[in-house]
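Novice: Give me a model of this one.
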Amino acid sequence: MKKPDMKVSKVATTLEDVRSMTRNQMVANAREILSKLTRKDKQGRVVVHNDDIEKDIVIGKRGIEHGLDRNYEYTAIVFMHLDSYLKHAIKINEAVADGKRNFDSDILLGYGENQAGEKISAYFVVSRLLTGQDELIEFGSLYSVRAKNSRRFCTRQPGGSIPYFYYY
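Specialist: Numbering: from 1, shown residues only. I've put the predicted structure just below:
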C-alpha cells in the first residue's frame, strides 16, 4: 500500500531542557502542553487525531509515564511535541491480542528534527479500544512511546518530508 510522505515534526525542545526536569515535572509539562494544543472528546479526555489511521488517540497520564521508562531524554523531547508527532505518524505494523496482549494495537512511527538537524524518531504503540458510553466508538489509547536519536537516514525529499519507507 502506497502512502504519502510522512510530515516532519519541528522540535524546539533540547536535551538541556529535559535534563533540567525531574520525571514528575516532565509528565506534568507534557500534560499541560497537550491540554493547550489538543482537543478533548465527549468524555473530557485529551485526544490527538492521527491522519494515517484516521482515529482519535487518547493521551493519558499512564501512556506518558510508561513511555518515559526507556530512553528518557529523547522520549521526553518527543512528549513535548507529541501532538505533532502523533498527528503525522504513520502505521507501520500492528499487534494482535494474544496471551501477552489484551488488545489489538497499531504500531506508528513518527519523525521529528530539531533546528540543528538532529533527527528524532519515535515508535508509538496505540491500543485499539471501544467505548460504549454514548455510542460504540473505536479509538486508540496511547500505551507506549520509544524515541531515539537516529543518525542514519534516507535522503530528505523536496518539501522537507521523508519517504514512508523510512527505517532505523
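
Novice: How about residue 105: what's its closest non-neighbour residue?
Specialist: residue 95 (4.4 Å; Cβ to Cβ, 6 or more residues apart in numbering). C-betas here are computed from N, CA, C, even on glycine.

Novice: Residue 101 too?
Specialist: residue 95 (5.9 Å).

Novice: and the one you found, how many residues sit next to it?
Specialist: The local packing of residue 95 (other Cβ atoms under 10 Å) involves 16 other residues.

Novice: That one contacts residue 107, correct?
Specialist: Yes: look at residue 95 against residue 107 with Cβ atoms under 8 Å: they come within range, at 6.6 Å.

Novice: between those two, what contacts are shared?
Specialist: residue 125 (Cβ atoms under 8 Å, 6 or more residues apart in numbering).

Novice: Pull up the gap between the residue positioned nearest the centre of the chain and residue 31, please.
Specialist: Among the residues of the chain, the one closest to the centroid is residue 86, at 4.1 Å (Cα atoms, centre = their mean). For residue 86, the distance to residue 31 equals 14 Å [Cβ to Cβ, to the nearest Å].

Novice: Could you do residue 37 as well?
Specialist: 11 Å.

Novice: With residue 90 instead?
Specialist: Residue 90 is 25 Å from residue 31, by Cβ to Cβ.

Novice: Look at the two and report which has more neighbours.
Specialist: The neighbour comparison of residue 90 against residue 31 (other Cβ under 10 Å) goes to residue 90, with 21 against 17.

Novice: now the more buried one, which residues is it bridged with?
Specialist: residue 109 (DSSP bridges).

Novice: from what I can see it touches residue 7, true?
Specialist: No: counting by Cβ under 8 Å, residue 90 stays clear of residue 7, with 9.5 Å between them.
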